[in-house]
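Visitor: give me a model of this one.
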Amino acid sequence: MQEKNTKYKELNSKPLASFFILHSSFRGFTLLEAVITIAIIGILSGIGIVSLTSSRNQAKLKSAQTEVAATIKLAQSYALQGKNCDGNMPSSYKFHIRNNKDYSIRCNDSIDVENYSLSGGVIFSPATGDISFDVPNANTNIPLGTSINFQSGSATGTISINRYGAVTIN
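Guide: This is a model prediction of the structure:
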C-alpha cells in the first residue's frame with residue numbers, strides 16, 4: 001500500500017501524467033457523436049448560406065430600383081428644364097425599357113439621350129414600359145399610375161409611378 005501511494009505522489013507531482021492517470025476512463029467521442037456534430041454544423045452552414053444569398057439578392061434588387069427611380073426622375077427633370085435634344089426643343093422625354101436588362105432616356109420618342117443597364121443579375125419582369133414626361137411642365141401620360149417590376153433570383157420588387165410623376169420604391 002505504501003508503495004502505491006509513493007508512486008501516486010510521484011505521478012501527481014507531474015501535472016500531465018496525473019491528468020492521464022486520473023482520467024483514464026475517458027476514451028474520446030463515439031462515431032455517432034461525431035456524425036451528429038458534423039450534421040448540425042452542416043445544417044447551420046446551409047441555413048447561413050441561403051440567408052446570405054437571399055440578402056445579396058435583396059441588396060442588388062434595392063440598388064437597381066434606386067438607380068431606375070433616379071433615371072425616371074432625371075427624365076422628368078429634363079422635361080421640366082426643356083433640355084435641348086439634337087439642337088431642338090423636344091416635345092417630351094421618356095423613360096424607355098428596351099429589354100429585360102437595358103433602359104434609356106429618350107427625347108421625342110425616338111432619340112436615345114442616355115443608355116443604362118441593370119447590373120448584378122437583376123432584370124425587368126416583364127420587360128415592357130414607357131413613362132413619358134411632356135415638355136415644359138413634365139406632365140405624364142399615365143392615367144392611374146403604373147409600376148415597373150424587378151427580379152433578382154427569388155427576390156422581387158416594384159417601382160410605382162403615379163399620374164403626377166411621383167416615384168415610389170416598393
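Visitor: quick one, helices of the protein?
Guide: For the chain, the helices defined by DSSP state H cover 2-12, 15-22, 31-81.
Visitor: adding distance to residue 117, mean neighbour count and mean pLDDT, write these out as TSV.
Guide: Glycine gets a C-beta too; all of them are placed from N, C-alpha and C. As requested, the helices of the chain are arranged in TSV below (distance: least, C-beta to C-beta, whole Å; neighbours: other C-beta atoms under 10 Å; pLDDT from 0 to 100):
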stretch	distance to residue 117	mean neighbour count	mean pLDDT
helix 2-12	75	10	54
helix 15-22	65	11	52
helix 31-81	10	14	89
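Visitor: possible to save those helices as a markdown table with distance to residue 118?
Guide: Shown next, in a markdown table, are the helices of the chain (distance: least, C-beta to C-beta, whole Å):
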| stretch | distance to residue 118 |
| --- | --- |
| helix 2-12 | 72 |
| helix 15-22 | 63 |
| helix 31-81 | 5 |
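Visitor: quick one, which of those helices is nearest to residue 162?
Guide: Closest to residue 162 of the helices of the chain is helix 31-81 (C-beta to C-beta; 11.7 Å).
Visitor: show me what the closest one is packed against.
Guide: strand 92-97, strand 102-107, strand 111-117, strand 130-134, strand 146-152, strand 155-161, strand 167-169 (3 or more C-beta pairs under 8 Å, 6 or more residues apart in numbering; DSSP states H and E).
Visitor: name the residues of the third one that are buried.
Guide: Across strand 111-117, burial judged by 16 or more other C-beta atoms under 10 Å covers 113, 116.
Visitor: how about the last one?
Guide: Of the residues in strand 167-169, those with enough neighbours to count as buried (16+ other C-beta under 10 Å) are residue 167.
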